[in-house]
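K.L.:
here is my input, please return the structure:
(one chain, ligands or ions: 1)
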Amino acid sequence: MASINIRRDVDDKFYRYKMPVLLTKIEGKGNGIKTVVPNMSDIARALARPPSYPTKFFGIELGAQVKLEEKSDRYIVSGAHDAARLRDLLDVFIDKFVLCGACKNPETVYNITKTDDVFRDCKACGARSAVDLRHKLTTYIIKNPPPVEKKIKGLKTGADSSIAANAEAINGKSSPAEPEDGADGQANAEVDESEIPDVADRPDDDDDWAVDVSPEAVKAREKALSAQLKNSLILGGQEGEGDGDDDDDADSPYGQLKAWIGESREEGLDEKKVMAKVKELGIEKKHKAVLVISEALFTEEVVKEIPTYSNLLKAMVTSEKHQKALLGGLERLVGLTYPSLIPAVPKILMAYYQEDILEEDVAKNWGTHVSKKYTDKETSKKVRKAAGAFLTWLDEADESDSE
Ligand SMILES: [Zn+2]
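P.N.:
Numbering: from 1, shown residues only. Take a look at the predicted model:
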């Protein structure tokens, strides 16, 4: 079978990470027409993910129902979809849910925290990158975590003979039963999947599998999901406490800002564009908007990026509360998304300080108070510890001033 680079944007025939070319087969007709991906489990194995994840991803992106027949190794999406479209979607899945956010290597494993954050831990560079918590697949992954993760030793290249062992780890019998998606299954947030009988006990009644793909039905499913997502939103739930003035909805302006930043990055962002978007969303005065910007706008190049956004930040960071949000975003940026930046924390703080965005007193107060508001306690501590050199510098600058 033809095999291609897992990253199709890499044009190197010696690229280590290969996967089979996605194939499709249209079955049925009329209302029951569906697209089978006959080699989904081979692809999933190459990606070290359960086959249900890319299949679900297709369903979510296409607004279609999916059917996971693990026993007979059949992965099905309702409706007729051509192979090129699914291959493109697979690229998106790989980018969002497989590749390391820092080095783009596909050797990552999921790390699902107690607070239902999902990270990709990279085996190549050690970076930990968050997956998009607003994506519906993330909710699915949290509910259906990858089985026996520890046994997955990493990705296998095409010629590797230990694929079978890896496959067993991924598709192993210890995996939780995958409930079949009924007409209201996938998107119905109310379904407690543990109550659904094991799929193996069910007859394979393909013909009963009629899915309402009307726009109304798709909308209804999306609505149900967004209610469910409310609780897993990065800006929502526990983080929202004490901030009753803001709307922590999946559709909140903060969620929208974050999504917009992600989508617009490729075409290039600058402070004018970001300011226009923030104003359009009506959140230019909100401290949470600062949190989103300092967490989601900046990348590994944050030290260089801060000066290029200094006018935007100066306009938006107008109080101590705003500065705290700025630092909260920094905690997330270096603590969760780019752990390789931890040693750069003093430089980042210095950049904010030199641009007159961060005040000395606020920085000092932050540095001496560990908080669980933006990250877990351990990360919060780690980031503050890393800030030591900057805080010491502030103290010393104080002393020399007073002399
Ligand atoms: Zn990496």
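K.L.:
and the closest residue to A344 other than its chain neighbours, what does it touch?
P.N.:
For A344, ignoring the flanking residues on the chain, the nearest one in space by Cβ to Cβ, 6 or more residues apart in numbering is V303 at 6.2 Å. C-beta: built from backbone N, CA, C; applies to glycine. Counting by Cβ atoms under 8 Å, 6 or more residues apart in numbering, V303 touches 344, 347-348, 351.
K.L.:
try 6 Å
P.N.:
V303 is in contact with 347-348, 351, counting by Cβ atoms under 6 Å, 6 or more residues apart in numbering.
K.L.:
out of those, grab the one that's most surrounded.
P.N.:
Within the contacts of V303, neighbour counts (other Cβ atoms under 10 Å) peak at I348, which reaches 25 neighbours.
K.L.:
tell me how far the residue nearest to A344 lies from the ion.
P.N.:
20 Å (Cβ to the ion, to the nearest Å).
K.L.:
burial check on whatever residue of the stretch 301-403 of the chain ends up closest to the ion, number of neighbours?
P.N.:
For the stretch 301-403 of the chain and the ion, the shortest gap (Cβ to the ion) falls at S340, measuring 8.8 Å. Using other Cβ under 10 Å, S340 has 16 other residues around it.
K.L.:
just the one 10 residues further on next, same as before
P.N.:
Residue crowding around M350 was assessed by other Cβ under 10 Å; the count is 19.
K.L.:
ditto for the one 3 residues further on
P.N.:
The local packing count at Y353 equals 17, with neighbours defined by other Cβ under 10 Å.
K.L.:
which residue packs closest to it, ignoring adjacent ones?
P.N.:
A363 (6.7 Å).
K.L.:
and the residue nearest to A344, what element?
P.N.:
helix 302-308 (DSSP states H and E).
K.L.:
ok now the following helix or strand past that helix, how far from the chain's centre?
P.N.:
For helix 302-308, the following helix or strand on the C-terminal side (DSSP H and E) is helix 310-316. Remark: helix 310-316 is offset 27 Å from the chain centroid, using Cα atoms, centre = their mean, to the nearest Å.
K.L.:
and what of stretch 54-64?
P.N.:
16 Å.
K.L.:
how near is the residue lying closest to D91 once chain neighbours are set aside to the ion?
P.N.:
Among residues not flanking D91 along the chain, R8 sits closest, at 5.8 Å (Cβ to Cβ, 6+ apart). According to Cβ to the ion, R8 and the ion sit 19 Å apart.
K.L.:
and G101, that one's in a helix?
P.N.:
No: G101: not assigned to a helix; according to DSSP: H, G, I helix; E, B strand; the rest coil it is coil.
K.L.:
if I look at the residue of the stretch 301-403 of the chain closest to the ion, what pLDDT would I see?
P.N.:
If you check S340, the pLDDT there is 84.
K.L.:
the closest residue in space to it that isn't next to it in sequence: neighbour count?
P.N.:
Leaving out its chain neighbours, the residue that sits closest to S340 by Cβ to Cβ, 6+ apart is A127, at 5.8 Å. The tally of other residues near A127 (other Cβ under 10 Å) stands at 21.
K.L.:
and the closest residue to N311 other than its chain neighbours, how close does it get to A351?
P.N.:
Excluding the flanking residues, the one nearest N311 by Cβ to Cβ, 6+ apart is E271, at 5.6 Å. Distance from E271 to A351, counting by Cβ to Cβ, to the nearest Å: 15 Å.
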